[in-house]
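# Predicted model and sequence below, questions to follow.
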Amino acid sequence: MNTIQLVWKNLSRQFGSVFLSILLTAFGISILAVLSITGETFEKQLDNNSKNIDLVVGAKGSPLQLILSSVYHIDNPTGNIPLDELEPLRQNPLVQLAVPLSLGDNFKGHRIVGTDSSFLAIYDTKIHEGRIWQKDFEVVIGEQVAKKQHLKIGDQINSSHGLSKDGHSHDEHPFTIVGILKQNNNVTDNLILTNLESVWDVHGIAHHHAEQETAAQREQREREEDREETVKAHQHHHGEDLEENSSAKALVEEKEQHDHADHDHEEEGVFVKSIGADMVKQNGLEITAILIKYQSPAAIGILPKMIDQQTDMQAASPAMESTRLFSLLGVGIDSLAILAYIIMLIAGLSVFINLYNALKQRKYDLAIMRTLGASKRKLFNIVLLEGLTITIVGGLVGLLLAHLALYYISNQTSQSADFIEAFRLHPKELVFLLIACLIGVLAALIPAVKAYRTSIAGTLSNK
């Protein structure tokens, strides 16, 4: 019987105590793995998602909630802000980019974001396949959206109201996929992008007032051009006869009257336009938030204070709020890590007690093995290998439990914030296995030395 067979036979004879040791080791390793993988992945995602976003402007409320909803897409928005606030920020010399966001719908948990092409610039992402949207109800989807939902260019999707996939479906307004984003390892991989007008249309918000004004102005301009041509045609024959001059004069006077009337209408139009703009502002032309990238470091101390003090909006810094979030979570994470190390120590103690007690029961077997030709080194290796086997099996079971836990966590989070690859092997997992092996070796060391020093004559004489 070789060494491996002996080790397996010895362990199977003490199944209860061995199983407890494996279980303790597995729990300790799984907790360490989950904390390490989620913490590292979460921190990396925070950096990737906010590296080009210096400030987020939104409705008054919790700054942390504003950041979580607009940058990481894992919370509800604080409210809406008027669309009219966007252009002044874009014209501000302290602002390099100002990107509008309009949230409110989703597709199977993936958030639909109304925005413009500057969104791709601030996230430094590009179209991998297809093109960007060019008209209403065209969307560009992230790489993970296409992969998880098995979507391709040309497919149509129906949005659901709200940020939960169980919301009311907008079947009357299907979206057509025209592009797929390149994988960017940030939140854009799990988002669906379209223009602002599509989001407004889905919710029945009118937004064509600007086009109507342009058409009215164009009609007025055409009328004025026609009158100008008529006057010029009559003035061309001014020197031929007096009667024609009188007619031209009458036409000039008529034009002046028309101009005066048009001026009155223009002033009335400006007044109506002003009222219309105010009504539009009150009736729903709003966005959820504005993502801002600074033009220069000087904006750090000026722009947030200006927005907070001079407008009805709030300005939140992703860097500051992310630090605050980590400080809130840090105590809990550290406490769980300490608990995991304590469980690992208890597992090592359990292995030690198990092997030490088993050694007392097997001392006569070891003595007989010595008489049959087994060396002291072989007995040492057998006991050491038993401790190593217990902790290696416990470590492998712990890593399996960790990946199952990561899969559960991934399913519980929003699809738009799904950044955990549950079944991908991480380099740190090898470190955890080495820790398990070290615990097994240290726990088995004293029993192995005792087996090495087994006295054949003394043990058999006591029998």
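Received, thanks.
# Might you list the low-confidence residue ranges for the stretch 301-450 of the chain?
Low-confidence segments of the stretch 301-450 of the chain, defined by pLDDT under 70: 330-332, 361-365, 367, 370, 373, 412-419.
# Let me see the ranges of the helices in it.
318-361, 363-371, 376-412, 428-452 (DSSP state H, counting those that start in this stretch).
# which one of those helices lies closest to Glu421?
helix 376-412 (8.1 Å; CB to CB). The way it works is simple: take the backbone N, C-alpha and C, and place the C-beta from them, glycine included.
# How about that closest one, which residues are buried there?
Judged by neighbour count using 16 or more other CB atoms under 10 Å, the buried positions of helix 376-412 are 378-399, 401-403, 405-406, 410.
# same thing with stretch 97-117?
97-107, 109-116.
# So Pro93: helix, strand or coil?
coil (DSSP: H, G, I helix; E, B strand; the rest coil).
# Please look at it and Ala298 and confirm they touch.
No. The criterion here is CB atoms under 8 Å, and Pro93 misses it with Ala298 at 9.7 Å.
# Now do the shared contacts for these two.
Common contact partners of Pro93 and Ala298 (CB atoms under 8 Å, 6 or more residues apart in numbering): none.
# Helices along the stretch 1-150 of the chain, start to end?
Using DSSP H, counting those that start in this stretch, the helices of the stretch 1-150 of the chain run over residues 3-12, 15-50, 63-70, 86-91, 118-122, 143-149.
# among those, which is the most enclosed?
Comparing those by mean neighbour count (mean count of other CB atoms under 10 Å), helix 63-70 comes out on top with a mean of 22.
# That one packs against which elements?
Where contact means 3 or more CB pairs under 8 Å, 6 or more residues apart in numbering; DSSP states H and E, helix 63-70 is packed against strand 55-59, strand 95-107, strand 289-294, strand 313-316, helix 318-361.
# Recalculate using a threshold of 10 Å.
With contacts taken as 3 or more CB pairs under 10 Å, 6 or more residues apart in numbering; DSSP states H and E, helix 63-70 sits against helix 15-50, strand 55-59, strand 95-107, strand 289-294, strand 313-316, helix 318-361.
# can I get those in TSV with distance to Ala451?
Shown next, in TSV, are these (distance: least, CB to CB, whole Å):
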stretch	distance to Ala451
helix 15-50	17
strand 55-59	65
strand 95-107	63
strand 289-294	66
strand 313-316	64
helix 318-361	6
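# returning to what we had before: take the helices of the stretch 1-150 of the chain and lay them out in a markdown table including mean pLDDT and distance to Ile290.
Below are the helices of the stretch 1-150 of the chain laid out as a markdown table (pLDDT from 0 to 100; distance: least, CB to CB, whole Å):
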| stretch | mean pLDDT | distance to Ile290 |
| --- | --- | --- |
| helix 3-12 | 77 | 63 |
| helix 15-50 | 84 | 15 |
| helix 63-70 | 91 | 9 |
| helix 86-91 | 92 | 6 |
| helix 118-122 | 92 | 10 |
| helix 143-149 | 90 | 24 |
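# Let me know which of those is the nearest to Trp133.
helix 118-122 (11.0 Å).
# Contacts for that closest one next, please.
51-54, 90, 96-101, 113, 115, 125-127, 132, 140, 181-182, 184, 188, 191, 193, 291-293 (CB atoms under 10 Å, 6 or more residues apart in numbering).
# from the chain's centre, how far out does that helix sit?
How far helix 118-122 lies from its chain's middle: 16 Å, per CA atoms, centre = their mean, to the nearest Å.
# so where's the stretch 101-250 of the chain uncertain?
Residues of the stretch 101-250 of the chain that meet the criterion pLDDT under 70 lie in 163-170, 204-250.
# ok, 90 please
104-106, 108-109, 124, 135-136, 144, 148, 158-174, 184-187, 190, 199-250 (pLDDT under 90).
# Among the helices and strands packed on helix 63-70, single out whichever gets nearest to His203.
His203 sits nearest to strand 95-107 of all the helices and strands packed on helix 63-70, at 6.7 Å, using CB to CB.
# partner strands of the closest one, parallel or antiparallel?
Paired strands of strand 95-107, with direction, are strand 110-115 (antiparallel), strand 160-161 (antiparallel), strand 289-294 (antiparallel) (DSSP bridges).
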